[in-house]
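Participant: Quick one: sequence plus predicted model below, questions after.
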Amino acid sequence: MLWTTAEQALGEDESIRSYPRRYASIRRCVKDLIDGGGEFYATIEGRDVEVGRSRVVRGRVLDVSFEVSEEVASLTLETESGEEITVGGRVASLEEIEAHEIRIGRHEPPALED
C-alpha cells in the first residue's frame with residue numbers, strides 16, 4: 001500500500017541512490033526526476049491504453065507533468081524512432097501507456113533485467 005500523503009518516508013536510506021532505478025509508482029518516479037535534474041532515459045513495461053495489450057517502450061525522457069495535489073503525474077518519452085509517447089500510472093486513461101514498472105537510467109534506457 002502506498003500513502004502519497006505521508007509526511008515522512010519509512011525505511012528510506014539517506015545515502016545517494018545510483019541509477020538505474022526501478023519504480024512501481026509513477027508519482028515517486030516523477031518526483032525523483034524533478035529532484036535529480038538533468039537528462040534521463042526510461043524503459044517502461046505496461047499496457048497500451050488504446051488496445052489493452054502489454055507493451056514495452058524505451059527512450060529519452062522529454063518532459064514530466066506533476067501537480068502538488070499528486071492527481072497528475074506523467075512523463076513523455078521520445079523513442080529511438082522519434083515517436084513521443086505519454087506514460088501514466090495505474091489506471092491511466094489520458095496517456096498512451098499505463099506503466100506497471102518503470103526503469104530509469106542516466107545515459108541510456110535500462111535493460112529489462114536492470
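Facilitator: Structure's in. What do you need?
Participant: So in this protein, which strand runs the longest?
Facilitator: Among the segments of the chain that qualify as a strand by DSSP state E, the longest is strand 54-66.
Participant: Against which helices or strands is it packed?
Facilitator: helix 26-36, strand 41-48, strand 73-78, strand 84-88, strand 97-105 (3 or more C-beta pairs under 8 Å, 6 or more residues apart in numbering; DSSP states H and E). Every residue, glycine included, has its C-beta placed from N, CA and C.
Participant: mean confidence score for it?
Facilitator: Confidence for strand 54-66, expressed as mean pLDDT, is 96.
Participant: That strand: which residues count as buried?
Facilitator: Using 16 or more other C-beta atoms under 10 Å as the test for burial, strand 54-66 gives 55, 57-59, 61, 64, 66.
Participant: For those residues, give me JSON lines that also has distance to Glu96.
Facilitator: Shown next, in JSON lines, are the buried residues of strand 54-66 (distance: C-beta to C-beta, whole Å):
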{"residue": "Arg55", "distance to Glu96": "9"}
{"residue": "Val57", "distance to Glu96": "9"}
{"residue": "Arg58", "distance to Glu96": "14"}
{"residue": "Gly59", "distance to Glu96": "12"}
{"residue": "Val61", "distance to Glu96": "15"}
{"residue": "Val64", "distance to Glu96": "15"}
{"residue": "Phe66", "distance to Glu96": "18"}
